[in-house]
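Colleague: Test case, fold it:
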Amino acid sequence: MSCIAENIKKIDDELPQGVRLVAVSKFHPIEKLKEAYEAGQRIFGENHVQELVAKAPQMPDDVEWHFIGHLQSNKVKALIPYVKLIHSIDSLKLLQCVNKEAAKAGRIVDVLLQLHVAKEETKFGLSCEDCVELAKSGAIESMKNVRVCGVMGMATNTDDEGEVRKEFNEIRQVFDKLKTEHFASAEYFSEVSMGMSGDYHIAIEEGSTMVRIGTSVFGPREY
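Modeller: Numbering: from 1, shown residues only. All right, here's what the predicted structure looks like:
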């Protein structure tokens with residue numbers, strides 16, 4: 001068994017039922033992705049549109065591509081033909097742009113609303129309050145080519161486990177509020193994307209349904 005296959009098996013064995021692994025493959029060569037595919041991995045996450053668009057045609061058709069990085073409006077059109085789930089919707093404007101390009105392509109694209117709860121200004125996302133206001137506004141219902149399936153967020157990069165747990169709990173609470181008050185009848189509103197290589201165990205304990213793991217699957221990135 002290859003090193004990547006062993007890593008995937010180890011993580012899969014740790015994941016409770018209902019939690020899925022997104023193998024974050026940014027900056028890794030296509031050979032490594034194929035190795036992960038041979039080991040049974042089907043969901044791959046990329047941070048850069050041009051990298052996802054270049055890799056997708058080289059992989060089998062049953063791969064599920066997730067876009068997990070900061071998304072600029074001018075890159076949406078290129079992404080739409082390939083992506084299954086966009087984790088990083090951080091504004092109403094971006095959501096409208098995805099809806100518009102998906103409509104042109106005759107697709108309905110699944111998305112997550114990205115929350116900013118970390119103590120780092122460098123991270124993107126809606127505040128918890130703005131996210132709830134967006135759901136309240138009725139704007140989401142008017143868009144027919146996007147499907148909001150849940151939320152995504154990152155915790156502060158810190159050794160303070162209590163802080164990380166608190167932030168993941170905050171993300172989960174926003175999901176629960178949206179589910180109860182705005183998406184109660186929507187079965188597809190079911191995803192909480194949180195947890196990376198360094199903190200996914202805590203994220204799972206706090207209610208993650210999807211962990212985004214790169215280094216622990218593929219090893220150090222090849223720049």
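
Colleague: Could you identify the longest helix within the protein?
Modeller: For the chain, the longest helix by residue count, based on DSSP state H, is helix 161-181.

Colleague: So what touches that helix?
Modeller: Contact partners of helix 161-181, identified using C-beta atoms under 8 Å, 6 or more residues apart in numbering, comprise 115, 117-119, 128, 131-132, 135, 150-151, 153, 155-156, 158, 189, 192, 194-195, 199, 202-203, 205-208. The C-beta positions use only the backbone N, C-alpha and C, and glycine is treated the same way.

Colleague: Let's test this: what are the backbone torsions at the residue positioned nearest the centre of the chain?
Modeller: For the chain, H87 is the residue whose C-alpha lies nearest the centre (C-alpha atoms, centre = their mean; 3.5 Å). Main-chain torsions, H87, degrees, to the nearest 10: phi -80, psi -10.

Colleague: Against G138, how distant is it?
Modeller: Applying C-beta to C-beta, to the nearest Å, the value for H87 to G138 is 23 Å.

Colleague: helix/strand/coil for L115?
Modeller: strand (DSSP: H, G, I helix; E, B strand; the rest coil).

Colleague: from memory it sits against G153, does it?
Modeller: Yes: the pair L115 / G153 is scored as a contact, 4.1 Å apart, by C-beta atoms under 8 Å.

Colleague: Next, the angle from whichever strand or helix holds M152 to helix 161-181.
Modeller: Here M152 sits within strand 146-154, counting by DSSP states H and E. Put simply, strand 146-154 runs at 160 degrees to helix 161-181, going by axes from the mean of the first three to the mean of the last three C-alpha atoms, to 10 degrees.
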